[in-house]
Structure formats: C-alpha cells, structure tokens
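Visitor: turn this into a structure:
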Amino acid sequence: MNETFRDPDLPLAERMADLMARLTVPEKIALLHQYQPPIDRLGIDAYRTGTEALHGLAWLGQATVFPQAVGLASTWDPDLVARVGEATGEEVVAFRHKGAGRNVWAPVVNPLRDPRWGRNEEGYSEDPWLTGLMGEAYARGLRGSAPVMRTAPTLKHFLGYNNETDRCVTSSNLPPRVLHEYELPCYRPALESGAAVAVMPSYNLVNGRPAHLSPLINEILRAWAPDDIHVVSDAYAPGNLTGLQAYHDDAAEAYAHAIKAGLDSFTQDDDRPQDTLDHIADALARGLLTEDDLDVAVRHALSIRFRLGEFDPATPYDHIGEDVVNSPEHQELAREAARRSMVLLHNDGLLPLARTARIAVIGQLGDTLMEDWYSGSLPYAVTARKGLDAAVFCEGVDRIRLAVEDGPELGYFDVFDWGGGALALRSVATGRFLGATEDGQLIADQPGPNGWEVRQTFRWVGRSLRNLSTGRYVGAGGLQEDPLPLTVEVLVNGAEQAAEVARDADVAIVVTGDHPLVNGRETEDRSDLALPQAQQAVLKAVAAANPDTVLVISSGYPFTWTGAERAAVWSAHGGQEYGNALADVLFGDAEPEGRLTQTWYRDACELPDLLDYDIITADATYLYYLGTPLYPFGHGLSYTTFDYSGLVVTTTADEIRASVTVTNTGSREGGEVVQFYSRQRVSRVKQPQRKLRRFARVRLAPGESRTVSVAFRIDELAFWDVTRGRFVVESAPHQLMVGRSATDLRLSARFDVAGEVVPPRTGPLDAVDHDDYDAITFVAASRERGEAVKAEADGAWVRFRQVDLKGARRCEIEAGSTEGGVITLRRDDPLGGQVLASFPVPRTDRYEAVVSRSALAEYEGVHDLYVVLENCGITVRGLCFA
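Guide: A predicted model of the protein is given here:
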C-alpha cells in the first residue's frame, strides 16, 4: 500500500491527517475502546492498550522478575532503574506475538503518603521529587531513546490515590498546596521529558469529582507534554460514573463528559466493547458530543500507534526475539537490582558474615519467593535458603490438628500468619493450601494464596474459622453460613522448633515479611504496621536462643516490631535472584547500598486517618512529621563509616550550589548516598521540616576522600501561593543540610534568597484558596469544573490570612445548601472574633449557588478573615467585596 499515513518519511501531522480523513465515524468510535478492532479495508491491525510492566512483564507467562517498584527506588539509582525499564521493554516487544500490546501500564507515580496503603509496593517514594525522578527513569527505559518508541509508557494513577478502602467512592481532599507541591510534581518529569506518553486516571474522586473527569488532564498534564498523550481509563472505571459514583444518571452523558475532559480510551467490559461504542454513538447522536470532540480523542489514540511504528514498514525493534526473555543479561540485571536495593537497617557488628559460619535459615519466607499481582511468573526462584546455601532450614510455623468440636477431624495443617488476623493453612497430607471452591467446598490444592479473589485465607472468630473470601465458616462438610466451634491441637510449636534449630547454629537468619496478595494489596489496605504476630514470636524465640540473629524482612511496605536481633536487613520482594542478592550482601561480597524511600513509623497511631490527604495539616510524611521514626526517610547503613566535612553553599541569581567532602573512615571500600536537604526558616506559610533537593552516590576506598557537588534551581524553593494561584519564591533565609538520611544530617549552612514578599489579600476570595480550615471537605462546584468547600459539621470554617479590606463596605458570598443555613464572617477568630457580616443561605439544588449580599462592619487594617459555615452541608464557592 502507498497511503500517505504509511510513509515514515513524512511529518506525523501529515500522516495523521491522511488517516483521519479515511476513517468513518463508526471506525473512529471503535478506536476509543481498550480493544481496538482491525480496520481491514485499510490494512490496520487490531490493537490493545494495557500490558502490565510494573517491575518486569506481567500476566503473560514466565519473564524476568525484577524487585518491586519500591525496591527499585530503594537503589537510589535512576540509571539502574532505567536499565530495568529497558530490559522490561525488550521483553514486552519479545512477547508481541503472544498478545502483549506495547502500550504498557507503568510506572506508578503515586507518592507513598501512607504506608498502610495496600499498593505501597507499586510506588517509589513518599517524596514527590524522588518519585518523579524514578518514574521518569523507568518510563525512559521502557520507551527507548529512538524516535520510534519501544513501548508507550503510561503513568498511573492520576490523582490523589493512596487508599484501597472504598476507593471507587471516596474523595481525596487535595488543597491547592498539596495538589501543586506534593501530587502533581510526581507526574511532571516523565511527561515533560516525553518519557511517558500516556496517563491513567485513578478510581477515586478528587475534591468531589471523579478523577476520570478531572479538568487537570487537559489543563495541566497535556500542557506539560511535548507531544500528544493518550489518556486511558482504569479497568471498569467508566461504568463507575453512573454506577458506584452516581455522578451521572445517563451513560451517554457520562461518556461524553469523559471524552471532553480528556479521556481517550475506555477500559470497560474487557474485550466486549459494544456497550461502550453504543454509549459514545448515542452521545454523538444526541448532540452531547461533536465529531470534532471525537476526533481529538481519536488523534490521541492514533498518535501513540504512529509513534510506536505501527504504520511503518519496519521498526528498530523487529529483531527482538523471545531469546531476550530471561536472558543471562537480564538475570544478571535482576541480581544487581535486588542486591543494590537491600537496606541495612541496623547492625552491631554481626554483618557481614563469614562464609564458614554455620547458618540456619528460619521463617515462613525463608524458602519461598512471592509473586505480587503485577509481577511476572518466576522463571526460577533463588530463595534465601538456596542463596545462602543453608543446610539447616526451619519454617517456624505451627502444625495443628483441626477438628469439629465433638465431631470429625478436619486434618493436619501448617499455619502461616500473614498479619491482621489473616491465616493460610497448608495441608500436611497434600502439601497444598486449603481454600474455598465456587460451590462452597474446602480443598487443599493450591500452592499458596493466589488470584484476584484470594480464597485461601481464614480468620479465627472466637473458636470458629471464617474464610475471608466467602465470609462463610469452616464446617464438617465444607463451608457453612453459621459459626461452628472447632478444636485445635498444637502438634508442633513453630517458635519453639525455630529456637531449637537456632541454638545449634553459629548464626540464625530469620526471614519474615508479607504475602503480597494478603492483608495489604490492591483492594485492601492494612489496619496497622505490625509484623505478623506469629512471625514476631519466632523472631523473639530465635534471638533468645541465639544472640547472633539477623532479621531479614522481605515486604512491599514498612513494618514495626520488637526484637533483640543484632542486625536487620529490609528489601522489597526481590524477584527471581533474591536469594543470591541476599547472600551477596550478608556475606559482604557486596555492600548494602539501598536507602529507604519512605519513613518507617514506630506505630500506626502516629499516622493521620488513611483518607486524610492533607499532609501539611496532618504533619505527614518525612516532610512534616515531627516525631522520631523507627527508621527515617533516606536511612540505610553501610559496612564502613563515613565522615562529612567542609560544606560550602553558594548562590547565584538562578541557582544554589553546594559541595561537601566525604571521607571513608572505615576499613573497607564502601558506597555512600550523600543527601542534600533544605528548609525555609521564615515564611508566610507552613514549610516542610526538610525537603530532599539532590543526592549523589559516591564509592570510596578506605581513607579516601572526595568532594561531592550538587546544584539546583532557586525556583525549586517555590511554594504554591494560594493568594495569587501561582508558585512563588519568598525572600527568606534557608538552611542547606547534608547527611545520610532525613534525620542524620551531619552539616548545615545558611543561605539567603532574594525573592518576593507575599502581599495581603485584597480582591475576591475563592473558597478553596484558604489558608486553614476546620471540618471542611472539598466538593465539585459544578458537574464539569470548579471547586467549593462544604461544611462537614456545624460551625465549620475557612481562614484567609492577612486580608486587607480597607474601604470595603459590602460583601457578596456565593453559597448554597440543600437544607439552608447561615454563614458568618468574623475577624481574627472563628468563635469570638468580631462579626463582620452574616448571610442567610437559601435551600438550593446540589450544584446551585446563590449570591447573598450584606453590609460589612467597619474593617481597618490587615486581619485574618474567618468564613464560618454555621450549619452542616453549606457549600461556599467564594466571596468578594465592594
């Protein structure tokens, strides 16, 4: 064929125009579903969005499995992360003949705001800059550097998505500063560089509006990107618009709204697109959409396919074959990534171990590797036991005899505690795990908890055992609706057995952690941070029996525990080479190079409510946390020691430059991650306690010194000024700090920045642009755009600092309420401050707001202004003065 759209030497715009002109309206509509059908008359093949590639190719069979994303970020090495992305992209291409589409749904750049989030393992860091850096690196590796893309990376999940609990119906309150300073910076680097070319909105609502309908998609994300970006929905999320979220009553209206808001591809009903196509056609027929609206979305969809070389006679990746999958080079890269992600939490001199030591590996993760929901199938598994070549191994789990009280025996089982009361039972007879079948039977035939709906977990409810998937209880003939008392005879006490094994070893290594599909996974958040009770009991017993105990944690999130171990090492689930990597580090063949990318708290009680997204008022993340963590952001020890000296900070009109001398004061070669933080010491607003600006990796021989230098732009010191709706750099003194973690800061120096002074407010006040609030939630001001504040209790208020109303005599306020009410304006205090005005709020519909007017009491000087919503349910959009 010699169609213009197939000529790779022509400009993309010309090729696109040619293809668009050839398409019929039904063909255009068909391109807006995840499963795009072939267009035979044009020789265009079928196309599918959405190949999972979070830390290796997933869901399509055996492929190289790299450490989980939070583990990759723990290397603090974006170049390594990019290499993992490149290897993953190659394997995606290799699987193209097995159904792997080259639009990959990775990376995840949601900041790790709360360690209880069920999908913590999928993100990179609680720091937005580090998240953006790692996300850009992984996307860059996936995409490749050639004009024709290797794959089309998709950033997930836009926006404000850190809870699984009721995720489709909860609304994340994102005040303007949190939005612009914390959430959006995670997405910008990969989009701005062109490394990521697609975005997936999240299931939740943001400030009262479904994320799939966010105006920010078009207004901000597309403005950052140098080329078209393709916006794809999350699975079944379009149906939520008229379903769980009930944001629209009519599917055609919902789908039209989504397309106008920037959604280009509907991931709905799997490979059954007809209902989606009918809804879009209906919207077009009813005038809810124009063909021009349709064309915008179609061009976004086709732009990705053009840039993937779909319509070219050949691509630079045609030579990639299946031999690249799990190749020796990728195996070595998997080992390197796992090794360099290991974090030494503490060590009193026990590590590194001697190769001659008699080692006992203990724990229910000691001889198994975990696959998470977004990992590939392991081509092989080097467990801790195999990697350490341990002759002695003990799982440390209880073995029980289970029977119905005064009834039949149910069998003998090994009990695996995964925390939060969730247990898995492995049958002694079959060596497989007990689970529930579709028809309510119990059968021990699975290698472990698995699947989207995990049917192999149970919880004790009194003396009855409840299957967590079905909610039904274990009975004599299978599952039943009513609780049934059971008797448990402990035949083997796992902790006692583990202690016996440990007592005869030189060193005991206790391998603990989570199961990625149980108690902390997609659809399920954790309720606490504690290491599972039975695993803690094993650790305690082993450390009492053998003081030379090493705790190894393999998990996708932080834990808390109490133990007497002499050393502790953490890593995310590390993929197929985990055991070899662990041995490399424990025996000292390699340094522990990993550093934590999120705070490890001492207790869940130190955290705000899981649904509180305002990290500033909640003092959340290392940025604002005031307590003493179990382990801080950036923490990670080495087998040697380092000294810092000679910090020098200089400023130019545009840049901050810092240098410090780092010296290896130990007896062996080692690597250090030199971390530079800053803090603004005086500000109109609440500033972070510290904020990571740059870091540098340095490797030093014993006694060697090296000067490490970094630089960053002064505009990176900006915060979002709610009074003017833009970023601002204030004139203020700052402190530059350098050290080994967010709390282990060795040196500091002051520097001054000449910026702006934020003036008092004078003009109209948008309600969402307040400085402080109490009992307030954010809601959609209208179905399509705009935001308002809503009272969650009587007497709720918003505060505007430093308002100058000199000469103002009247005030207008735009507000509404389905129940009516009263709004009071007060000066300087929400309870006892001078009343400046009072407004009756009439009864209105959901999105209706009425302008009310009142005379304004005399107001001289600059004061804080409180808008007090006296009645629950009142909504305010803004106010102005005259």
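Visitor: how near is Y625 to V648?
Guide: Going from Y625 to V648 by Cβ to Cβ, to the nearest Å gives 29 Å. No exception for glycine: its C-beta is placed from N, CA and C like everyone else's.
Visitor: tell me where the model's unsure across the protein.
Guide: 1 (pLDDT under 70).
Visitor: more neighbours, Y625 and V648?
Guide: Per other Cβ atoms under 10 Å, whichever of Y625 and V648 has more neighbours is Y625, with 23 against 14.
Visitor: give the full set of residues in contact with the more buried one.
Guide: T599, E606, D619, Q689 (Cβ atoms under 8 Å, 6 or more residues apart in numbering).
Visitor: ok, 6 Å please
Guide: Contacts for Y625 (Cβ atoms under 6 Å, 6 or more residues apart in numbering) come out as D619.
Visitor: give me phi/psi at it?
Guide: Note on Y625: its backbone torsions stand at phi -60, psi 130 [degrees, to the nearest 10].
Visitor: contacts for the helix or strand containing T276, please.
Guide: Per DSSP states H and E, T276 falls inside helix 274-285. If you take Cβ under 6 Å, 6+ apart as the criterion, helix 274-285 is touched by I29, H33, A251, A252, Y255, A256, F266, Q268, D269, L289.
Visitor: pull the CA atoms of it into CSV?
Guide: Presented in CSV, the C-alpha positions along helix 274-285 are these (Å, rounded to 0.1, in the frame of the first residue of the first chain):
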residue,chain,number,x,y,z
GLN,A,274,-20.1,-2.9,22.2
ASP,A,275,-21.8,-1.2,25.1
THR,A,276,-19.1,1.5,25.2
LEU,A,277,-19.4,2.0,21.4
ASP,A,278,-23.1,2.3,21.8
HIS,A,279,-22.9,4.9,24.6
ILE,A,280,-20.5,7.1,22.5
ALA,A,281,-22.6,6.8,19.4
ASP,A,282,-25.7,7.7,21.5
ALA,A,283,-23.8,10.8,22.8
LEU,A,284,-22.9,11.8,19.3
ALA,A,285,-26.5,11.3,18.0
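Visitor: neighbouring strands for the helix or strand encompassing V674, and are they parallel or not?
Guide: Using DSSP H and E, V674 sits in strand 670-680. Sheet neighbours of strand 670-680, with direction, are listed as strand 691-700 (antiparallel), strand 732-739 (antiparallel) (DSSP bridges).
Visitor: got the buried residues for it?
Guide: G670, G671, E672, V673, V674, Q675, F676, Y677, S678, R679, Q680 (16 or more other Cβ atoms under 10 Å).
Visitor: what do you get for stretch 869-881?
Guide: So for stretch 869-881, counting by 16+ other Cβ under 10 Å, buried means L869, E870, N871, C872, G873, I874, T875, V876, R877, G878, L879, F881.
Visitor: and what of stretch 188-197?
Guide: R188, P189, A190, L191, S193, G194, A195, A196, V197.
Visitor: which one of the residues you listed sits closest to P760?
Guide: R188 (30.7 Å; Cβ to Cβ).
Visitor: residue contacts, the closest residue to the closest one other than its chain neighbours?
Guide: Counting by Cβ to Cβ, 6 or more residues apart in numbering, R188 lies nearest to W224, which is 5.5 Å off, once chain neighbours are set aside. Neighbour list for W224: R188, L191, E192 [criterion: Cβ under 6 Å, 6+ apart].
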